[in-house]
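A.B. asks: Provided below for reference: sequence and predicted model.
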Amino acid sequence: MTSKRFSKGSQRLHYFCLVLALGSFVWGYNIGVLASILVHPGFKSTLGSPTAHRSGLITAIYYLGAWISYVFLAHPAADRLGRRRAASCGMAVMCAGQALQAGAFGRHALAMVVAGRVVAGMGTAVVSSCVPLYQSEVAPPKDRGRYVVMNHIGFVAGLASGFWFGYAMTFWDSDFGLSQAWRFSLSASFVPAFFFLVALPFMHESPRWLVEHGHPDIALTTLAFYREGSSTPEDIAAELSAIERSVAVFRISGLTWPALFTDLSLRARMWRAALLQFLAHMCGATAMKYYLPALFEALGFGHRASLLAGGIESTLKTGCTVVEMLIIDRAGRRGTLIAGAGIMAFSLMINGVLPQIYPNNVNRVADFVCVVFIFVFALGFSLGFGPSAWVYGSEIFPTAVRARGLSFAASCGALGSVIVAQVWPVGIQALGSKVYFIFMAINLAAVPIIYFLYPETKGRPLEDMDKLFGGGGSGGDGEASQHLLADREELDQLLR
């Protein structure tokens, strides 16, 4: 077992999944660094001291761009160009958006920032869907969760780096630094983006995409490349045969992507993946990512100390996600999601109650307890919704509609982020810490929803997911299962 874990194929999988995680690193960095940019004096001066509503617009408009891309662009790019080339295009678009923001000036500054956020969001949607798709499609079933979680490790590492870079910029306190440092903070994301773009051409395309597009020989080579030392040639041939069979069965069934909304079994997968993404953003994590320094300042910390605390929180989140990577294939998707939601609900309750009991920072112990439970909240998110929503959504759909299914699901997450990014700053102004109770209730509601409505997917081959959702037992609705089982029998006869 140990030799298989460290085989050549496994080492290659780890290496390339980490390279892919650079794409998520750029995504996370751009989110993390915005928290410091929104409170940077040079940024405020350039945009004319934006109000809470305008700050909410700048934050939320990013997810409007992401939503548009998830619905209309991400899945066609992934299906037509392949996972690698689509991710490259998405990263290029993301960089163009960042450049537009970094160059904002004069009376058009706000328009440039808003337009740049929309463009960057569109590129992010392509990268954030293609990366877990690829990781899911090249990973062996028993370790699939671990490889896909690397995507989220890249994201939270980027988030932490954004906070730390923003914190470092506070020490650039010359007149030029106070005026222009925020532009350097935005531009720093071009460095990991460059390495991501350089590395992608050296990777193999997803074997499932290759089979779907009529290249089984190349797919076999790719599987052999990623399974060397951990699987026998017979096992590799059997895996390819299962992929070919699954693609052929879906093709002769006559189902196409609208079946995600019309076929009962595929719709059962679609709403679960979409709801999971929506909950992952409505749980309060979006607000924590963007407004963390402001939250710490509300607890009585100075600007620089707030950025430092944000960097520490995001760094701890990275470590927690590494723990999630090690346990998700043992504890399962449902177990980690339920535990994470429970931890977040309790943490939000503490942050809602204590400022009501001790208002206006009259009790420093209460303030520090709130800070600790913001860190605990990060633990819950990193063990649950953060990585697991992407793992679950990337593995339950058939190959032919996997990109579309994940993209449509992620669009619901983008809608959740738009809502939270708009509601949070206004809610804090109007309700104070009571706004935490809204998100606490969402996390509490998520626990029974996940327990009763989400079948466990750990350890299952991607080609076997219809057994979970196709009726006859654990949560499917039946119609697609009947189609696919009949078509599989027909295909077996043809193969004989």
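C.D. replies: Yes, it's here. Numbers count the residues shown, from 1 in each chain.
A.B. asks: burial of Gly48, as a residue count?
C.D. replies: 11 (other C-beta atoms under 10 Å). All C-beta atoms are positioned from the backbone trio N, CA, C, and that covers glycine.
A.B. asks: To clarify, my last question referred to Val131.
C.D. replies: Counted with other C-beta under 10 Å, residues neighbouring Val131 total 31.
A.B. asks: Give the full set of residues in contact with it.
C.D. replies: Going by C-beta atoms under 8 Å, 6 or more residues apart in numbering, Val131 touches 20-21, 23-24, 83, 87, 151, 154.
A.B. asks: biggest separation within those, which pair?
C.D. replies: Pairwise distances across the contacts of Val131 peak at 15.6 Å for Arg83 and Gly154 (criterion: C-beta to C-beta).
A.B. asks: ok, back up a step: and the contacts of Val131, which is closest to Val211?
C.D. replies: Arg83 (13.2 Å).
A.B. asks: Quick check: chain neighbours aside, which residue is closest to the closest one?
C.D. replies: Spatial nearest neighbour of Arg83, chain neighbours left out: Tyr134 (4.1 Å); criterion: C-beta to C-beta, 6 or more residues apart in numbering.
A.B. asks: Could you report the neighbour count for that neighbour?
C.D. replies: 31.
A.B. asks: need the helices for the stretch 51-200 of the chain, in chain order.
C.D. replies: In the stretch 51-200 of the chain, the segments counted as helices under DSSP state H, counting those that start in this stretch are 52-69, 75-81, 83-102, 109-138, 144-169, 175-187, 190-199.
A.B. asks: Minimum distance to Ala341: which of those has it?
C.D. replies: Closest approach to Ala341 among the helices of the stretch 51-200 of the chain (C-beta to C-beta): helix 144-169, 16.1 Å.
A.B. asks: picking that back up, quick check: the residue nearest to Arg83 touching Gly82?
C.D. replies: No: between Tyr134 and Gly82 there is no contact under C-beta atoms under 8 Å: 9.0 Å.
A.B. asks: okay, and for the stretch 251-400 of the chain, where does confidence drop off?
C.D. replies: Scanning the stretch 251-400 of the chain for pLDDT under 70 picks out 289-290.
A.B. asks: mind listing the helices for it?
C.D. replies: All helices of the stretch 251-400 of the chain, identified by DSSP H, counting those that start in this stretch, fall at 259-262, 264-282, 285-298, 303-357, 364-383, 385-395, 399-431.
A.B. asks: Indicate which one of these is closest to Ile450.
C.D. replies: helix 303-357 (4.9 Å).
A.B. asks: Would you mind pulling up the elements that the closest one packs against?
C.D. replies: Contacts defined by 3 or more C-beta pairs under 8 Å, 6 or more residues apart in numbering; DSSP states H and E place helix 303-357 against helix 8-37, helix 144-169, helix 285-298, helix 364-383, helix 385-395, helix 435-453.
A.B. asks: Compute the inter-axis angle for that helix and helix 8-37.
C.D. replies: Orientation check (axes from the mean of the first three to the mean of the last three C-alpha atoms, to 10 degrees): helix 303-357 against helix 8-37 gives 80 degrees.
A.B. asks: For Gly123, list the residues it contacts.
C.D. replies: Neighbouring residues of Gly123 by C-beta under 8 Å, 6+ apart: 69, 89-97.
A.B. asks: I meant Leu276, not that one.
C.D. replies: Residues near Leu276 by C-beta under 8 Å, 6+ apart: 337, 385, 388-389, 392-393, 409, 454.
A.B. asks: shared neighbours, Tyr134 and Gly82?
C.D. replies: Ser206.
A.B. asks: Ser187 contacts Ala102, correct?
C.D. replies: Yes: with contact defined as C-beta under 8 Å, Ser187 counts as touching Ala102 (5.0 Å).
A.B. asks: for stretch 270-290, the distance to its chain's centre please.
C.D. replies: 10 Å (C-alpha atoms, centre = their mean, to the nearest Å).
A.B. asks: likewise stretch 390-404?
C.D. replies: Averaging C-alpha positions (C-alpha atoms, centre = their mean) puts stretch 390-404 14 Å from its chain's average.
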